[in-house]
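Asks: quick one, what's the 3D model for this:
(2 chains)
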Amino acid sequence: MNDNVIKIENLVKYFDGRCVLDGINLTVPRGCIYGLLGRNGAGKTTIIRILLGLDFPTRGHSFLLGTDSAKLPAKVHGQVGCVAEGHNLIQNYKVSRLIKLCKDLSLRWNDDFFDHLMEMFHLPRERRVRDLSMGMRAQLNLALAMAIDPELLILDDPTLGLDTTSRRQFLELAVDLLQKDGRTILFCSHILNDVERIADRIGILAAGKLVVDCPLEELKKRVTKLRLIFGESVPTDLYLTEIINQQIEGRELVITLANWNRQKQTIIDTFKPSSCTEIPMSLEDIFLECTKPAPLATATG
Amino acid sequence: MFTLIKREIEQNIILFAIAALYAAIFIGTIVVSVIERQAHSSSPMGISNTMMLALVFYLPLTLSLLSAITGLVQMYTDRDKKLSAFLSTLATTRIHILLARIFTGVLTILTVLLPVVAASAILLQLFHPAPVSGIYTAFFMRVFAVTFLLALACYCIGLQIGWNRGIVITITTALFLTIALFSLLIIKGFGLEGCLILAVIIVASLARTWRKFISTSL
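Replies: Residues are numbered from 1 along each chain as shown, chains lettered A, B, ... in the order given. Have a look, this model is predicted:
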């Protein structure tokens, strides 16, 4: 059995002559919760659409559960739960009718679990989907995606529109149920706290490239932000590689570096800064640094 | 597949209702015309002008328009409401979705055509002696076969055009092509040549729709 649930090879996508994805390579192993981050328009949804066979790449290939995304059979679709951005359900259907359709078009359906979710989210079955609030649509979409007992759950901003309690409830539920059985989750979100809470591997998209692709803990270790204060002025010949961002203000240099190591520490030490302080970084800070339009570096592992 | 067909039928239930209603009105009209003719004519030969006109002119014209609208509505609704984008995330494929759609479209055509064929056959048997009914049965079978092909061709054109975004241009183009195909029938008649041309149009249009639907972004 293929251990990579998702495999993307040199994926390139142009929209009207504009390059949205520029040679993306990505693998998500079985059992992994992968958090894919990026600013609006970075290409997260495009990657998901290509993976699901809803869109086609300009170049490159993507594979879901070992099958080419462009030719996914019903059997593979049936093993992938999907919560799309905007919760694109059939709006004029009653909830009960939509549930029946999804159930009839599924390979597996966990009635008990689905009913439990419907009760937990307090979702009315007799209302039309278009009459549900954004949050309720999100919950319905999540419940439908999880009821099929998916091998892979693809979540494109799933918690958008959910209140804090429902968001936390869902995330805990998703992690508990899916990770227990070695299921895989690809999770895109703007809410970095959510990603930080559940993801074990992080990818950051910026300018069409995957600038970060490594385990969350490793990312936190590898990306370092330093505040350096020099005696007179910031040296101009401080040549460091893999600078994510830097800001000079008088004698002070605030620099964010990828793949921080002893060698880089030694280079900095040779310039004898009067003070060198490490600034602690949350995932949000790392994300902001990586997606700033500045010199890009990669932190891969 | 059955679920998808059921969904398509439910989605287009109004079109089926219109088709059934139209078939009922059409049959009613030809029944009345045949009865009237029997009451007022002493000759057993020939059939009523109304029936003839209805079957060789009004039926092909109206059925082709209804079929084009069916194809157009199916595809336009899909694109507008992103139905296939949602369905494609379930345990199905685009091929299944399109096959279910085409099957439903053909069913709409048959909802009109089959009752009319049955009613015409019964009327011919009931009100006309054997040699007359024999001649007309052969003729009407050809008319119905060509009408079916014409309706199917218009349906396929509706499917193909319905995927476009602009509603006005979509309807105008579908209407224009339907009239053009109907004119072809007027010129070529109900012969083999007309059948072949319609068959080519059906295959080409279906192939184009197929290719577009399979390769387009949903």
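Asks: show me how chain A divides into domains.
Replies: Structural domains of chain A, as assigned by automatic domain parsing, span the residue ranges A:4-217, A:218-300.
Asks: which of these is buried the deepest?
Replies: For these, average neighbour numbers computed from mean count of other CB atoms under 10 Å in any protein chain shown are highest in domain A:4-217, which has a mean of 19. C-beta: built from backbone N, CA, C; applies to glycine.
Asks: so how far is that one from its chain's centroid?
Replies: Between the mean C-alpha location of domain A:4-217 and the chain-wide mean there is a distance of 10 Å, by CA atoms, centre = their mean, to the nearest Å.
Asks: next, give phi and psi for whichever residue of chain B sits closest to chain A.
Replies: Chain A sits closest to residue B:91 of chain B, with a gap of 3.1 Å, by CB to the nearest CB. The phi and psi values for residue B:91, taken as degrees, to the nearest 10, are phi -80, psi 70.
Asks: how about the residue nearest to it when sequence neighbours are not counted, what does it touch?
Replies: Sequence neighbours aside, residue A:78 is the residue nearest to residue B:91 in space, at 3.1 Å (criterion: CB to CB, 6 or more residues apart in numbering or on different chains). Shown here is residue A:78, whose contacts under the criterion CB atoms under 8 Å, 6 or more residues apart in numbering or on different chains are A:106, A:107, A:108, A:148, B:90, B:91.
Asks: for residue A:240, same thing?
Replies: Counting by CB under 8 Å, 6+ apart, residue A:240 makes contact with A:255, A:257, A:264, A:267, A:268.
Asks: where does it sit: helix, strand or coil?
Replies: Counting by DSSP: H, G, I helix; E, B strand; the rest coil, the backbone at residue A:240 sits in coil.
Asks: packing partners for the helix or strand encompassing residue B:193?
Replies: Following DSSP states H and E, one finds residue B:193 within helix B:192-215. In this structure, helix B:192-215 makes packing contacts with helix B:94-127, helix B:130-162, helix B:167-188, judged by 3 or more CB pairs under 8 Å, 6 or more residues apart in numbering or on different chains; DSSP states H and E.
Asks: give me the phi and psi for whichever residue of chain A sits closest to chain B.
Replies: Per CB to the nearest CB, the residue of chain A with the smallest distance to chain B is residue A:78, at 3.1 Å. Geometry field for residue A:78 lists phi and psi as phi -70, psi -10, criterion degrees, to the nearest 10.
Asks: ok so, going back, could the domains of chain A go into a markdown table alongside distance to residue B:12 and mean pLDDT?
Replies: A markdown table is the format used below for the domains of chain A (distance: least, CB to CB, whole Å; pLDDT from 0 to 100):
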| stretch | distance to residue B:12 | mean pLDDT |
| --- | --- | --- |
| domain A:4-217 | 13 | 87 |
| domain A:218-300 | 46 | 80 |
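Asks: and residue B:215, which of those is closest to it?
Replies: With CB to CB as the criterion, residue B:215 lies closest to domain A:4-217 of the domains of chain A, at 6.8 Å.
Asks: what's the end-to-end length of that closest one?
Replies: Taking CA to CA, to the nearest Å, domain A:4-217 runs 21 Å from one end to the other.
Asks: how about stretch A:118-137?
Replies: Stretch A:118-137: ends 12 Å apart by CA to CA.
Asks: which positions in the stretch 51-200 of chain A make contact with chain B?
Replies: Taking CB under 8 Å from any CB of the partner chain as the measure of proximity, the stretch 51-200 of chain A contacts chain B at A:52-56, A:72-75, A:77-78, A:80, A:82, A:84, A:88-92, A:101-102, A:104-107, A:148.
Asks: the worst-scoring helix or strand of chain B on mean pLDDT - contacts with which helices or strands?
Replies: When the helices and strands of chain B are scored by mean pLDDT, DSSP states H and E, helix B:49-53 comes last with a mean of 78. On a contact count with 3+ CB pairs under 8 Å, 6+ apart, helix B:49-53 meets helix B:13-40.
Asks: what angle do the helix it packs on and helix B:94-127 make?
Replies: Note on geometry: by axes from the mean of the first three to the mean of the last three CA atoms, to 10 degrees, helix B:13-40 and helix B:94-127 are set 10 degrees apart in direction.
Asks: hmm, helix B:13-40 touching chain A?
Replies: No - figure legend: helix B:13-40 not in contact with chain A (CB under 8 Å from any CB); closest approach 12.2 Å.
Asks: and the helices in chain A?
Replies: A:44-51, A:74-77, A:95-104, A:111-121, A:134-147, A:164-180, A:192-198, A:216-222, A:262-270, A:283-291 (DSSP state H).
Asks: closest one to residue B:97 among those helices?
Replies: Closest approach to residue B:97 among the helices of chain A is made by helix A:74-77 (10.5 Å; CB to CB).
Asks: output the closest one as CSV, nothing but the C-alphas.
Replies: As requested, C-alpha coordinates have been extracted for helix A:74-77 and formatted as CSV (Å, rounded to 0.1, in the frame of the first residue of the first chain):
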residue,chain,number,x,y,z
ALA,A,74,-15.6,6.9,-7.7
LYS,A,75,-13.9,4.4,-5.4
VAL,A,76,-11.2,7.0,-4.5
HIS,A,77,-13.6,9.9,-4.3
